[in-house]
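**Q** next come a sequence and a model predicted from it.
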Amino acid sequence: MRADRVPHVLVVDDETALADIIAAYLEANGYRITVANDGGEALALDARDPADAVITDFAMPGMNGRDLVANLRRRRPDLPAIMVSGYVGMQPLDLDPLLLLNKPVSLATLARHLRDLLDDADRAQ
């Protein structure tokens, strides 16, 4: 990410309180955040204001996180993505590159992985 540009992150979770906690932490760490509470809302928000990365829950009503990431990557195939899941032992999701983290995950760990993914995406450009 260019030094003069604030990274935009789409945070998607049907647990509103959790999405808001993640958003507040990332905003305090210098990111611009858009929050969505389901996959459909996330797609609509991203169409209007494309994100540089997405952090999504896996299990959500309507569209799960795997399908959300697949849909977002139709627009931007290399979109950095982090999926958090309470389902320990979940099988790989065939969405490389995708970082899968088990809940609960510390906010500091989440932010560190996000920075690493964004740095990797910058180097790939």
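**A** Everything's here; your move. Numbering: from 1, shown residues only.
**Q** buried sites along the longest helix along the chain?
**A** Across the chain, the longest stretch assigned as helix under DSSP state H is helix 107-124. Neighbour-count burial for helix 107-124 flags Leu110, Ala111, His113, Leu114, Arg115, Leu117, Leu118, Ala121 (criterion: 16 or more other CB atoms under 10 Å). C-beta here means a position set from N, CA and C on the backbone, and glycine is covered the same way.
**Q** which among the residues you listed gets closest to Tyr25?
**A** Proximity of the buried residues of helix 107-124 to Tyr25 (CB to CB) peaks at Ala111, which lies at 6.8 Å.
**Q** would you map the strands across this protein?
**A** Under the criterion DSSP state E, the chain contains strands at 8-12, 32-36, 53-57, 81-85, 99-102.
**Q** pLDDT on the shortest one, on average?
**A** Right, strand 99-102. Strand 99-102 shows a mean pLDDT of 83.
**Q** which neighbouring elements make contact with it?
**A** Under the contact criterion of 3 or more CB pairs under 8 Å, 6 or more residues apart in numbering; DSSP states H and E, strand 99-102 touches strand 81-85, helix 107-124.
**Q** select, out of the strands of the chain, the one closest to Asp46.
**A** So among the strands of the chain, strand 8-12 is nearest, using CB to CB, at 5.8 Å.
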